[in-house]
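> Got a predicted structure plus its sequence, pasted below:
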2 protein chains.
Amino acid sequence: MEEKSVVIIGATGSIGTQTIEVLRKIKGFKLLGFTYHSNEVKAREILKLFPEAKVFSTKKEIESFYDFMESTKPDITVLAIPGFEGFKVALKTIPFTKRLALANKESLVCGGKFIKEEIKRHGVELIPIDSEHSAIFQLMEDNVEKIAITASGGALRDIPLNELWEAKPEDVLKHPVWNMGARITVDSATMVNKAFEVLEAMELFSLRREQIEVYIHKSSIVHGMVFLKDGTVKIHAAIPDMRVPIAYSLTYPERLYEYEEYPEFSTLKFEEVEKERYPLFFLVDEIYDSYTLRTVFNAADEVAVDSFLKGKMSYKDLVETVEKAVEKMEKIEVTSPEELVEIDKKARILTEEVIKNAGKN
Amino acid sequence: MEEKSVVIIGATGSIGTQTIEVLRKIKGFKLLGFTYHSNEVKAREILKLFPEAKVFSTKKEIESFYDFMESTKPDITVLAIPGFEGFKVALKTIPFTKRLALANKESLVCGGKFIKEEIKRHGVELIPIDSEHSAIFQLMEDNVEKIAITASGGALRDIPLNELWEAKPEDVLKHPVWNMGARITVDSATMVNKAFEVLEAMELFSLRREQIEVYIHKSSIVHGMVFLKDGTVKIHAAIPDMRVPIAYSLTYPERLYEYEEYPEFSTLKFEEVEKERYPLFFLVDEIYDSYTLRTVFNAADEVAVDSFLKGKMSYKDLVETVEKAVEKMEKIEVTSPEELVEIDKKARILTEEVIKNAGKN
């Protein structure tokens, strides 16, 4: 087999670092280049491991990076940067790669239809990296009636409801299962991340909202289920370790990664999502059919989480801010990526206003 | 799509009857003919539903049935008769069909290598009907490390161990999940059926004994699991209803059967198989590498179960009879199906002797 060339966008973050680990373990893949945002120390460490790779700072060298993509046309591009920025970068890189291994959520959450148009236009393979979507991708076949994805329930899953609204950043950042970036750990506590995953699943697998169920599954062993029309349910389980779905996104349709361990199965429990504990999760039902509202949902959450993590607002304010921002935005049709970028900007300003006004009360 | 022709061997039994139900619900399949053993009333009922089908008594018209197979060459043959007889019938019908949908266990348990040789020689598809093997078949892919199949644990799973050996036929026949024939219900209590399924899985999927795990799973929702080398586990679940795997064996690779219900998932439990409760299950480890001993295991069980059901021996005697018969037989190499048929006969005589001698003590 010829070596496959890989580019990592966001190599020094959580997914990026684990992609590097995977690349050191599997054969037949070559790191052509990578980007980093601000962690120069880690970028240099990666260069030591892969001295032939080209490195780009997304702050200073983003245009040279796109030129590099255009001239090298890598087999696989791993998009591992967080936030709405990922949507813009995805649109720029899709034309120059054969496969987009996607870890960025916002690309599909906010701009699903534009990403999918570009993917189709350029004949690119879109492979999800998220453990839940990788699970569904691996189980998918015709005749699907519905799917289910699981949620750990985040750091506040067992806190008494009357203490929930007083939770501090340090409480929220103690994720019971996954070790991830700060924003996604907060999003896991509010289950905003699971709302995002519902939206991503709609895009990736062309499903309607009502075809996607979410179960709280505290041991995080089962990641996804596919319910077929003949009564069969296929379930995907694995030890929660992102290197497994990352490796699959690189080696698909083969499985070249080796992992010695399997989950402990003796009891598997699945529970319903509590409405009172996770109001932001249920917001998905009001926004899923509008790319504008999805973008506001994301932007408001990004701004509010940042504010919460800096100690500027309570957990209760975080939840209410997102709810109010979504409520205030009108549901307009988006016809271009540029419009979406404008909406994202407006949504952030709107959210800041919501926060300011809340302070006045 | 052109209509596919189906023949059912053993149409009036449990699997046969359910195959008839499935054929009435799915489109694109035509019942060409069927056999029955002794239930003429049911055979006539089937003829009313499918008046164009040819019917054969296996007692009186087995040779005409084989002629019918040779002249019609059906697309799919469902082999749904129980016992060692199934092995002989399988060998006779394989040359005349495109797909063998196999419910008979003994074909692979006793004569796996001969069946597989014939299947290969005639380019026939072998599709398992058993819920566990259908599950594994549906999940199978490259890079399998091991598989697991589940067991309900049978009617005696919760009886205190000190009362186990006194169990009466009426206790044993109360299966907690599946409604099946009498012998297989007893085999479910002793877990001889699960020993058979391990052997079948070895044959169907070319696995070594140590690659097959068995878990007690009382709710019988999960039927099989496939453990892949990259740490991924794929799990198959469905309401325990044989019509689902029967339909799959007919419609594969498509799923044309519609089933409205999914299992209730809130808690799934998997337990180890108790050595003390299921000694006959663990006998599989002593016999799996010899077709002679497998055939003795089956024959001894068939004879002993019959004797137990007729009230002629205790549950304890049933277990001990099978153990002794297997112990007494020498492990000779079988080189032809004819030799295997002889071994089956000898094993029955040997078992009768074991029973007689036990009576003398």
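Received it, and whenever you're ready, just let me know what you need.

> only C-alpha atoms for contact and neighbour calcs from this point on.
Fine.

> got any ranges where the stretch 1-150 of chain A has weak pLDDT?
Within the stretch 1-150 of chain A, the segments meeting pLDDT under 70 span A:1.

> Contact residues of it facing chain B?
residue A:143 (C-alpha under 8 Å from any C-alpha of the partner chain).

> repeat that for 10 Å
With C-alpha under 10 Å from any C-alpha of the partner chain as the criterion, the stretch 1-150 of chain A meets chain B at residues A:135, A:138-139, A:141-143, A:145.

> and which of those is nearest chain B?
Using C-alpha to the nearest C-alpha, residue A:143 comes nearest to chain B of the residues of the stretch 1-150 of chain A next to chain B, at 7.1 Å.

> who's in contact with the closest one?
Applying C-alpha atoms under 10 Å, 6 or more residues apart in numbering or on different chains, we find residue A:143 in contact with A:226-230, B:254-256, B:258.

> can you redo the residues of the stretch 1-150 of chain A next to chain B as a markdown table with secondary structure?
Converted to a markdown table, the residues of the stretch 1-150 of chain A next to chain B look like this (DSSP: H, G, I helix; E, B strand; the rest coil):
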| residue | secondary structure |
| --- | --- |
| A:135 | helix |
| A:138 | helix |
| A:139 | helix |
| A:141 | coil |
| A:142 | coil |
| A:143 | coil |
| A:145 | strand |
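
> Now, of the contacts of residue A:143, which are buried?
Burial by neighbour count, 16 or more other C-alpha atoms under 10 Å in any protein chain shown: within the contacts of residue A:143 this picks out A:226-230, B:255-256, B:258.

> Among these, which ones are in strands?
A:226-228 (DSSP state E).

> closest to residue A:158 among these?
Nearest to residue A:158 among those is residue A:226, at 27.7 Å by C-alpha to C-alpha.

> Pick the one among the ones in strands among the buried ones among the contacts of residue A:143 closest to residue A:201.
Lowest distance from residue A:201 to these (C-alpha to C-alpha) belongs to residue A:226, with 11.9 Å.

> doesn't residue A:147 make contact with the closest one?
Yes. Look at residue A:226 against residue A:147 with C-alpha atoms under 10 Å: they come within range, at 4.5 Å.

> shared neighbours, the two?
Common contact partners of residue A:226 and residue A:147 (C-alpha under 10 Å, 6+ apart): A:136, A:139-140, A:212, A:233-235.

> and the ones in strands among the buried ones among the contacts of residue A:143 as JSON lines, adding pLDDT?
Putting those into JSON lines (pLDDT from 0 to 100) gives the following:
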{"residue": "A:226", "pLDDT": "98"}
{"residue": "A:227", "pLDDT": "98"}
{"residue": "A:228", "pLDDT": "98"}
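
> could you dump those residues to a markdown table with distance to residue A:47?
Shown next, in a markdown table, are these (distance: C-alpha to C-alpha, whole Å):
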| residue | distance to residue A:47 |
| --- | --- |
| A:226 | 41 |
| A:227 | 44 |
| A:228 | 46 |
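
> Would you agree residue A:55 is in contact with residue A:32?
Yes. With contact defined as C-alpha under 10 Å, residue A:55 reaches residue A:32; the gap is 9.0 Å.

> hey, what's in contact with both of these two?
Taking C-alpha under 10 Å, 6+ apart as the contact rule, residue A:55 and residue A:32 both touch A:7-8.

> Residue numbers of the stretch 251-361 of chain A in contact with chain B?
A:254-272.

> Show me how to select, in PyMOL, the buried members of those.
To isolate the buried members of these in PyMOL, using 16+ other C-alpha under 10 Å:
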select buried, chain A and resi 255+256+257+258+262+263+268+269+270+271
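
> Buried residues, the longest helix along chain A. List them.
For chain A, the helix that runs over the most residues, judged by DSSP state H, is helix A:337-360. Residues of helix A:337-360 classed as buried: A:337, A:340-341, A:343-344, A:347-352, A:354-355 (neighbour count, 16+ other C-alpha under 10 Å).

> Determine which two of the buried ones among the contacts of residue A:143 are furthest apart.
Spatially, the most separated pair among these is A:226 and B:256, at 16.5 Å (C-alpha to C-alpha).

> coming back round to it: filter the ones in strands among the buried ones among the contacts of residue A:143 by proximity to chain B?
Filtering these for neighbours of chain B using C-alpha under 10 Å from any C-alpha leaves A:226-228.

> Where does the prediction get shaky in the stretch 151-300 of chain A?
A:176-180.

> Break down it into its strands, ranges please.
A:212-216, A:222-228, A:233-237, A:267-269 (DSSP state E, counting those that start in this stretch).

> so which of those strands gets nearest residue A:325?
Residue A:325 lies closest to strand A:212-216 among these, at 24.5 Å (C-alpha to C-alpha).

> buried residues in the closest one?
In strand A:212-216, counting by 16+ other C-alpha under 10 Å, buried: A:212-216.

> quick one: contacts for residue A:39?
Contacts for residue A:39 (C-alpha under 10 Å, 6+ apart) come out as A:10-13, A:57.

> In PyMOL, select just the buried ones from the shared contacts of residue A:226 and residue A:147.
Filtering the shared contacts of residue A:226 and residue A:147 down to the buried ones (16+ other C-alpha under 10 Å) takes a single PyMOL command:
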select buried, chain A and resi 136+139+140+212+233+234+235
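
> Need the shared contacts of residue A:226 and residue A:147 in CSV (columns: distance to residue A:120).
CSV is the format used below for the shared contacts of residue A:226 and residue A:147 (distance: C-alpha to C-alpha, whole Å):
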residue, distance to residue A:120
A:136, 20
A:139, 22
A:140, 19
A:212, 24
A:233, 30
A:234, 28
A:235, 29
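
> what's residue A:128 sitting at in phi/psi?
phi -80, psi 150 (degrees, to the nearest 10).

> Repeat that for the one 4 residues further on.
With angles defined as degrees, to the nearest 10, residue A:132 shows backbone torsions of phi -70, psi -40.

> In the stretch 151-300 of chain A, what residue spans correspond to helices?
With DSSP state H, counting those that start in this stretch, the ranges of helices along the stretch 151-300 of chain A come out as A:161-164, A:169-172, A:182-190, A:192-205, A:243-251, A:279-282, A:284-287, A:291-309.

> Adding mean neighbour count, write these out as JSON lines.
Below are those laid out as JSON lines (neighbours: other C-alpha atoms under 10 Å in any protein chain shown):
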{"stretch": "helix A:161-164", "mean neighbour count": "12"}
{"stretch": "helix A:169-172", "mean neighbour count": "16"}
{"stretch": "helix A:182-190", "mean neighbour count": "23"}
{"stretch": "helix A:192-205", "mean neighbour count": "23"}
{"stretch": "helix A:243-251", "mean neighbour count": "24"}
{"stretch": "helix A:279-282", "mean neighbour count": "20"}
{"stretch": "helix A:284-287", "mean neighbour count": "16"}
{"stretch": "helix A:291-309", "mean neighbour count": "25"}
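
> farthest-separated two in the contacts of residue A:39?
Between all members of these, the farthest pair (by C-alpha to C-alpha) comes out as A:13 and A:57, at 13.2 Å.

> Can you tell me which of the buried residues of strand A:212-216 comes closest to residue A:288?
Residue A:288 lies nearest to residue A:212 out of the buried residues of strand A:212-216, by C-alpha to C-alpha, at 11.9 Å.

> Test my guess that that closest one contacts residue A:199.
Yes. If you go by C-alpha under 10 Å, residue A:212 and residue A:199 touch, sitting 9.3 Å apart.

> Could I get the contacting residues of residue A:13?
Going by C-alpha under 10 Å, 6+ apart, residue A:13 touches A:19, A:36-39, A:42, A:80-82, A:180-181.

> Skipping adjacent residues, who's closest to residue A:70 in space?
Nearest residue to residue A:70, sequence neighbours excluded (C-alpha to C-alpha, 6 or more residues apart in numbering or on different chains): residue A:96, at 5.4 Å.
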